[in-house]
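1. Need coordinates for the following:
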Amino acid sequence: MKFVLALVVGCAAGYYVGYTDGATGKPSIASRIVGRAGGGARNKVNNDIDAKMDKLDSDAKKAGKAP
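-> Numbers count the residues shown, from 1 in each chain. Okay, the predicted model is just below:
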């Protein structure tokens, strides 16, 4: 019986938090936690290939080499 009561209270609290986040337009608590946890390493794993190629092209032009 304690398990069921804890489950009901937990679901009610989660629903309340989710509803208030949704009503105010905030992202969900899960996406905020993932964003906070991965925030420090986000710049280290940048995979924007177009930006990397543009940087290589501009560096080659500055050095006087044809791309």
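2. other SSEs contacting the longest helix anywhere in the chain?
-> As assigned by DSSP state H, the longest helix anywhere in the chain is helix 2-24. Other elements packing on helix 2-24 under the criterion 3 or more CB pairs under 8 Å, 6 or more residues apart in numbering; DSSP states H and E are helix 29-37. To be clear about C-beta, it is placed using only N, CA and C from the backbone, and glycine gets the same treatment.
3. CA atoms only for the helix or strand bottoming out on mean pLDDT in the chain, dumped as PDB, please.
-> When the helices and strands of the chain are scored by mean pLDDT, DSSP states H and E, helix 29-37 comes last with a mean of 76. The C-alpha atoms that make up helix 29-37 are tabulated as PDB, following Å, rounded to 0.1, in the frame of the first residue of the first chain:
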ATOM      1  CA  ILE A  29      12.700  19.400 -17.000                       C
ATOM      2  CA  ALA A  30      14.400  16.500 -18.800                       C
ATOM      3  CA  SER A  31      15.600  18.800 -21.600                       C
ATOM      4  CA  ARG A  32      16.800  21.400 -19.100                       C
ATOM      5  CA  ILE A  33      18.800  18.700 -17.200                       C
ATOM      6  CA  VAL A  34      20.300  17.300 -20.400                       C
ATOM      7  CA  GLY A  35      21.200  20.800 -21.500                       C
ATOM      8  CA  ARG A  36      22.900  21.600 -18.200                       C
ATOM      9  CA  ALA A  37      24.800  18.300 -18.000                       C
END
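4. C-terminal to that helix, which secondary structure element comes first?
-> helix 49-63 (DSSP states H and E).
5. for that next one, the distance to its chain's centre please.
-> 27 Å (CA atoms, centre = their mean, to the nearest Å).
6. Just the mean pLDDT for it, thanks.
-> Taken as a whole, helix 49-63 has a mean pLDDT of 86.
7. follow-up on the earlier one: now do the least confident helix or strand of the chain against helix 2-24: the angle between them, please.
-> Interaxial angle, helix 29-37 versus helix 2-24 (axes from the mean of the first three to the mean of the last three CA atoms, to 10 degrees): 80 degrees.
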